[in-house]
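K.L.:
build me a structure from this.
(2 chains)
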Amino acid sequence: MRRFQFHPCGNFKERYEEELAIFETDFGRLWLCVGLLVLFAVVPLISGPYTLYIFNMIGIAAIAAMGLNILIGFTGQISLGHGAFFGVGAYAGAILATSVGFPFLLAVPAAGLITAMVGMIFGIPSGRLKGLYLTIATLAGQFIIEYVLVHWESLTRGTMGITLPTATIFGIELSSDRSFFYVIYICLICMTLLAVNLVRTKYGRAFIAIRDNDRAAEGMGIPIFRYKLLSFGISSFYAGIAGAIWAFYMISITTEPFTLGLSVEYIAMVIIGGMGSIAGAIYGAIFITGLNEVLRGATDIFMNLGISAGIGLNVAALREFSFGLIIVLFILFEPKGLAEVWRIIRSNFRRWPFSY
Amino acid sequence: MEFFLQLFVNGISIGFLYGLSAMGFVMIFKSSSVLNFAHGELMAAGAFLFLALVTWAKLPIVIAFLVTLVGSFILGFVVERLFLRPLIGEHLIYVIMLTVGLAAMFKGLLLLIFGGNLHTYPAFLPENLAIRIGLIYVPPEYIASFIIGMIFLLLFGLFFKYSSQGIYMRSVADNQTASLSLGVHVRRVFALSWAIAALVAAMSGVVLGIINGINVHEISAIGLKVFPVVILGGLDSIGGAIIGGLIIGLLETFTGGYISPSLRDVVPYGVLVFILLVKPYGLFGLVEIERV
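P.N.:
Have a look, this model is predicted:
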């Protein structure tokens, strides 16, 4: 029987497998099991519908942000169109469920694949462009997709919106927040596993090489166009899955939410969580969704105070301002995001009482 | 025919505005290679500053305009100092993300102060400024915007050609390392280019406000239209910005007039994708040749 390792003492790696290991010690693995147990067994039982709703929103946002993080953090391609891709996923799921009659379990992956296709189309400019030019191209993608969603009325029913049938899995109706909680988090865990393992494969290594220096990567024989397209496809796949689940969860969807503002929200999640860190996307999703709720609560309180009623405080403005401020502050002071903060805290514990 | 000419006039004047706002954008890009996503918000900031000075402080129009220009010049300086200076030499992603964050911040702040409604300036342009040829009517706002724009274009032309700071800015744009070694204060040039860009942005924001009122959402949407314009004209060409603006403006009004009004907002972005695929450096942009 192998000995359990709980306390690492420095960086004494002797084999490549040790470098590649997800968990350095069994300590992390143990805590992950405890965390998952709490998440699945305790949280749904003790929390009310509102808390569960927030948890679900965090889960969905985390899936989408993880996809964007693969694109921004690992491949170094900035996308300002992730909100629109999320919308494509939501609409693809909704249309498949209503017009074609796909069940939930089939509609969600199919929506992911459709979104991946759309994402790859908007990734085509990456063959010739990079950096800022590509960012602008995705910005154009955002506006074009928004336009198509609103105006292709025969398919998307325009501003009328689509009402989805209740999602069912093997005959079990997913009608409560609690049942969706299980679906969303199981999906999140699968997607996390996929992402974590993806960045350890040759594909992930190629992405990182492209991010760090695309010409050097090309010189080493990485077909960068193919990999960039792949990265766009994967990131849109995540967005599509998240969007489709969101659509089923919301029951009825309209074209309204999928604006540039949503894209900025996802970028904020990636930056705050930590670019180039899979767990970072989850931290970012928790932070931003939590912040949304806090701000909503704060504006409600301000509204009820009566003193500031004349100012006409509105949530959207306050939200936009705080997102902007937080993005700016994180970039200036902790560009690697919460993942880095967490790493520092952890290594401080590990090294205590010696500070270095 | 009248419809065509009226659309043409509208297109030219809107396009001229796009060109003006793109000019400030190009200025920042040329001297510091920063893609400024907060440009629309800088425009909105200038327009609202002017609004506040005119309606709240009740300053005379000319003085309010000058104070707006000075104020936005300072704003540009402060933004560069506080937010962009620490990022000199950082990776491109951080700089772009920072301007995205700044855009959200500015927009939220303006929304908090002024709300999302449409505001209008008190009318101050004399009606006899309008031009009427046959059935074509050019409203005074367009004439005024054209005059203001022309004056600024001329001033910038002279500034870049003859003043020492202007020459420094051109040299930094041309080759940063070489100008550093020749003793150009590159940081000051960066700061100055942000300040001037903010000034130009404010000016175009004010002109835009005169023409169709100011609304935070609308102006920042126009700020995003800068991208098709500069990509078409070339990211680092001031003349290209004006010409790109005219082309995009004409295209927009003609699509709006002849095909469908809802299509007009999305056509520029379609053009943008097309240009990126065909001629990424635009009509007048400098083609970067990369060597390893």
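K.L.:
mind listing what the residue nearest the centre of chain A touches?
P.N.:
Relative to the mean C-alpha position of chain A, the nearest C-alpha, by Cα atoms, centre = their mean, is the one of A:Ala65, at 1.7 Å. Counting by Cβ atoms under 8 Å, 6 or more residues apart in numbering or on different chains, A:Ala65 makes contact with A:Tyr266, A:Met269, A:Val270, A:Gly273, A:Ala281, A:Ile282, A:Gly284, A:Ala285. The way it works is simple: take the backbone N, C-alpha and C, and place the C-beta from them, glycine included.
K.L.:
at 7 Å instead, please
P.N.:
Shown in contact with A:Ala65 (Cβ atoms under 7 Å, 6 or more residues apart in numbering or on different chains): A:Tyr266, A:Met269, A:Val270, A:Gly273, A:Ala281, A:Gly284, A:Ala285.
K.L.:
so can I have CSV of those showing neighbour count, distance to chain B and secondary structure?
P.N.:
Formatted as CSV, the contacts of A:Ala65 follow (neighbours: other Cβ atoms under 10 Å in any protein chain shown; distance: Cβ to the nearest Cβ, whole Å; DSSP: H, G, I helix; E, B strand; the rest coil):
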residue, neighbour count, distance to chain B, secondary structure
A:Tyr266, 29, 11, helix
A:Met269, 30, 12, helix
A:Val270, 32, 9, helix
A:Gly273, 31, 13, helix
A:Ala281, 33, 15, helix
A:Gly284, 32, 13, helix
A:Ala285, 28, 17, helix
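K.L.:
now these in JSON lines, with pLDDT?
P.N.:
Output for these, formatted as JSON lines (pLDDT from 0 to 100):
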{"residue": "A:Tyr266", "pLDDT": "90"}
{"residue": "A:Met269", "pLDDT": "89"}
{"residue": "A:Val270", "pLDDT": "89"}
{"residue": "A:Gly273", "pLDDT": "89"}
{"residue": "A:Ala281", "pLDDT": "89"}
{"residue": "A:Gly284", "pLDDT": "91"}
{"residue": "A:Ala285", "pLDDT": "91"}
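K.L.:
the residue nearest to the centre of chain A sits in which helix or strand?
P.N.:
Using DSSP states H and E, A:Ala65 sits in helix A:49-69.
K.L.:
mind listing what's buried in that helix?
P.N.:
A:52-69 (16 or more other Cβ atoms under 10 Å in any protein chain shown).
K.L.:
show me what from chain A comes close to chain B.
P.N.:
Within chain A, the residues that sit near chain B (Cβ under 7 Å from any Cβ of the partner chain) are A:76, A:78, A:125, A:128-129, A:131-133, A:135-137, A:139-140, A:143-144, A:147, A:151, A:215, A:264, A:267, A:271, A:312, A:317-318, A:320-321, A:323-325, A:327-328, A:331-332, A:335.
K.L.:
could you turn the buried ones of those into a PyMOL selection?
P.N.:
Those of the residues of chain A next to chain B that count as buried under 16+ other Cβ under 10 Å are selected in PyMOL with:
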select buried, chain A and resi 76+78+125+129+131+132+133+135+136+137+139+140+143+144+147+151+264+267+271+317+318+320+321+323+324+325+327+328+331+335
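K.L.:
what about the residue nearest to the centre of chain A, distance to chain B?
P.N.:
When distance is defined by Cβ to the nearest Cβ, to the nearest Å, A:Ala65 is 14 Å away from chain B.
K.L.:
what residues does the stretch 1-150 of chain B put near chain A?
P.N.:
B:35, B:83, B:86, B:92-94, B:96-98, B:100-105, B:107-109, B:111-112, B:115.
K.L.:
at 6 Å instead, please
P.N.:
B:35, B:86, B:92, B:94, B:96-98, B:101, B:104-105, B:107-109, B:111-112, B:115 (Cβ under 6 Å from any Cβ of the partner chain).
K.L.:
now, the most widely separated pair of those?
P.N.:
In those, two members sit farther apart than any others by Cβ to Cβ. They are B:Leu92 and B:Gly115, at 35.1 Å.
K.L.:
if we can go back for a sec, check the residues of the stretch 1-150 of chain B next to chain A for burial and list the buried ones.
P.N.:
B:35, B:92, B:94, B:96-98, B:101, B:104-105, B:107-109, B:111-112, B:115.
K.L.:
mind checking the SS state of B:Tyr137?
P.N.:
strand (DSSP: H, G, I helix; E, B strand; the rest coil).
K.L.:
whoops, I mixed them up, A:Glu24
P.N.:
Assignment for A:Glu24 (three-state DSSP): coil.
K.L.:
now A:Ser231: which helix or strand?
P.N.:
helix A:224-250.
K.L.:
and that helix, how far from the chain's centre?
P.N.:
10 Å (Cα atoms, centre = their mean, to the nearest Å).
K.L.:
what mean pLDDT does it have?
P.N.:
In this model, helix A:224-250 carries a mean pLDDT of 90.
K.L.:
what do you get for stretch A:329-343?
P.N.:
87.
K.L.:
what comes up buried for that stretch?
P.N.:
Under 16+ other Cβ under 10 Å, the buried positions of stretch A:329-343 are A:Phe330, A:Ile331, A:Glu334, A:Pro335, A:Lys336, A:Gly337, A:Leu338, A:Ala339, A:Glu340, A:Trp342.
K.L.:
thought the second one was touching B:Tyr94?
P.N.:
Yes. A:Ile331 is in contact with B:Tyr94 according to Cβ atoms under 6 Å; the separation is 5.3 Å.
K.L.:
quick one: name whatever helix or strand follows the helix or strand where B:Phe106 lies.
P.N.:
Of the helices and strands defined by DSSP H and E, B:Phe106 is found in helix B:92-114. Sequence-wise, the next helix or strand downstream of helix B:92-114 (DSSP H and E) is strand B:131-133.
K.L.:
how far away from the center of its chain is that next one?
P.N.:
For strand B:131-133 - counting by Cα atoms, centre = their mean - the centre lies 28 Å from the chain centre.
K.L.:
what does stretch B:104-118 rub up against?
P.N.:
A:264, A:312, A:317, A:320-321, A:323-325, B:38, B:41, B:44, B:48, B:213, B:215-216, B:220 (Cβ atoms under 6 Å, 6 or more residues apart in numbering or on different chains).
K.L.:
dump it to PDB, keeping only the CA atoms.
P.N.:
In PDB, the C-alpha atoms belonging to stretch B:104-118 read as follows (Å, rounded to 0.1, in the frame of the first residue of the first chain):
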ATOM      1  CA  ALA B 104     -17.200  49.900 -17.900                       C
ATOM      2  CA  MET B 105     -16.200  52.100 -15.000                       C
ATOM      3  CA  PHE B 106     -16.700  55.400 -16.800                       C
ATOM      4  CA  LYS B 107     -19.900  54.200 -18.300                       C
ATOM      5  CA  GLY B 108     -21.300  53.200 -14.900                       C
ATOM      6  CA  LEU B 109     -20.200  56.400 -13.300                       C
ATOM      7  CA  LEU B 110     -21.800  58.500 -16.000                       C
ATOM      8  CA  LEU B 111     -25.000  56.400 -15.700                       C
ATOM      9  CA  LEU B 112     -25.000  56.900 -12.000                       C
ATOM     10  CA  ILE B 113     -24.700  60.700 -12.300                       C
ATOM     11  CA  PHE B 114     -26.700  61.500 -15.300                       C
ATOM     12  CA  GLY B 115     -29.000  58.400 -15.700                       C
ATOM     13  CA  GLY B 116     -29.600  56.600 -19.000                       C
ATOM     14  CA  ASN B 117     -32.000  59.100 -20.500                       C
ATOM     15  CA  LEU B 118     -31.500  61.300 -23.500                       C
END
